[in-house]
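Participant: Give me coordinates for this.
(one chain, ligands or ions: 1)
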Amino acid sequence: MSDMVEKYRREVCELHGELIRWGLVAWTAGNVSARVPGTDLMVIKPSGVSYEDLTPESMVVCDLDGVPVDEGASPSSDTGSHAYVYRRRPDVGGVVHTHSPYATAWAATGEPIPCVITAMADEFGGEIPVGPFALIGDESIGEGIVETLEGSRSPAVLMRQHGVFSIGKDAKAAVKAAVMCEDVARTVHIAKQMGAVEPISGADVDSLFDRYQNVYGQKKGPAGAASRERAGAAEGKDD
Ligand SMILES: O=C(CO)[C@@H](O)[C@@H](O)COP(=O)(O)O
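Facilitator: Below you'll find the predicted structure:
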């Protein structure tokens, strides 16, 4: 199991660099965690540590009550909420929190981001909902995340007057959801300044979401290998 934990220490450490890369955090105001599959453990960043100082060794391993399993650094302020999500959502393998500016501005207004562009239908399957205001440091934010996302296809939620929490099958998917949440928050805000926006119909949202989730990109497995081989052969013919 220690090899598995070390793998997730490395992955979670690296993914914090993506929060910086995509402009999602100021100072230390964001965190990433991953569930360690097949265990009752999670890995999360230490609280308040600058991203450039993070190392795999500095990541904190906690049980799914959010209690560190080793002596050492204090885990993120949001550990209890991440752990709550993992306990209540066995499908979730990664959780991310940011204060990304446009999405956090939407969170400050308490207004959900309406599904008015295809990118939102693709990634979120509808609007990005707003969860309740909650204090920090226990699992109340986690309770709000789970409650708000119940029955929603969105992998992101705007916690009122706080910021973004996103989930995914793994930590990388949760980071992607946070990146796309900020992207669409900015676009829809700009659109609303330019004029009226109109929600995409439910049937079209379903169609777009299904295509993006199940067809978009490179096929995995034998079908994918066959199509990549065909593509390679076709390129050879053009030489
Ligand atoms: O949002 C807040 C505080 O408002 C925290 O989640 C954020 O600053 C990150 O804290 P951590 O460094 O993960 O403890």
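Participant: next one: the helix or strand Met42 falls within to chain centre, how far?
Facilitator: Secondary structure assignment for Met42, by DSSP states H and E: strand 41-44. Distance of strand 41-44 from its chain centroid, counting by Cα atoms, centre = their mean, to the nearest Å, is 15 Å.
Participant: Other residues contacting that strand?
Facilitator: 5, 8-9, 11-12, 31-36, 59-64, 66, 69, 75-76, 78-79, 82-83, 86 (Cβ atoms under 8 Å, 6 or more residues apart in numbering). All C-beta atoms are positioned from the backbone trio N, CA, C, and that covers glycine.
Participant: Can you narrow those down to the ones near the ligand?
Facilitator: Among those, the ones lying near the ligand by Cβ under 6 Å from any ligand atom are Asn31, Ser76, Asp78.
Participant: Now which of the residues you listed would you call buried?
Facilitator: Buried by 16 or more other Cβ atoms under 10 Å: Asn31, Ser76, Asp78, out of these.
Participant: does the first one really touch Val60, like I thought?
Facilitator: By that I understand Asn31. No - shown here, Asn31 and Val60 do not form a contact pair, counting by Cβ atoms under 8 Å, at 10.4 Å.
Participant: what do these two both touch?
Facilitator: Ile44, Lys45, Ser76.
Participant: And this structure, what are its domain boundaries?
Facilitator: The chain is divided into the following domains under automatic domain parsing: 2-194, 202-235.
Participant: Using a markdown table, please lay out those together with mean pLDDT.
Facilitator: A markdown table is the format used below for those (pLDDT from 0 to 100):
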| stretch | mean pLDDT |
| --- | --- |
| domain 2-194 | 98 |
| domain 202-235 | 83 |
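Participant: Single out the most deeply packed of the ones you listed.
Facilitator: A comparison of the domains of the chain by mean neighbour count, using mean count of other Cβ atoms under 10 Å, puts domain 2-194 on top with a mean of 19.
Participant: measure that one end to end?
Facilitator: Start-to-end span of domain 2-194 (Cα to Cα, to the nearest Å) is 53 Å.
Participant: residue boundaries of the helices in the protein?
Facilitator: Secondary structure of the chain (DSSP state H): helices located at 2-21, 79-88, 101-109, 118-124, 140-149, 171-194, 202-214, 221-238.
Participant: closest to Ala156 out of those?
Facilitator: The closest of those to Ala156 is helix 171-194. By Cβ to Cβ, the value is 4.1 Å.
Participant: the inter-axis angle of that closest one versus helix 2-21?
Facilitator: Between helix 171-194 and helix 2-21, the angle comes out at 20 degrees (axes from the mean of the first three to the mean of the last three Cα atoms, to 10 degrees).
Participant: Quick check: which helices or strands does helix 171-194 pack against?
Facilitator: Counting by 3 or more Cβ pairs under 8 Å, 6 or more residues apart in numbering; DSSP states H and E, the packing neighbours recorded for helix 171-194 are helix 2-21, strand 30-36, strand 94-98, helix 101-109, helix 118-124, strand 156-159, strand 163-168.
Participant: Now distance to Val175 too, for those, in TSV please.
Facilitator: Below are the helices and strands packed on helix 171-194 laid out as TSV (distance: least, Cβ to Cβ, whole Å):
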stretch	distance to Val175
helix 2-21	5
strand 30-36	6
strand 94-98	5
helix 101-109	14
helix 118-124	13
strand 156-159	11
strand 163-168	8
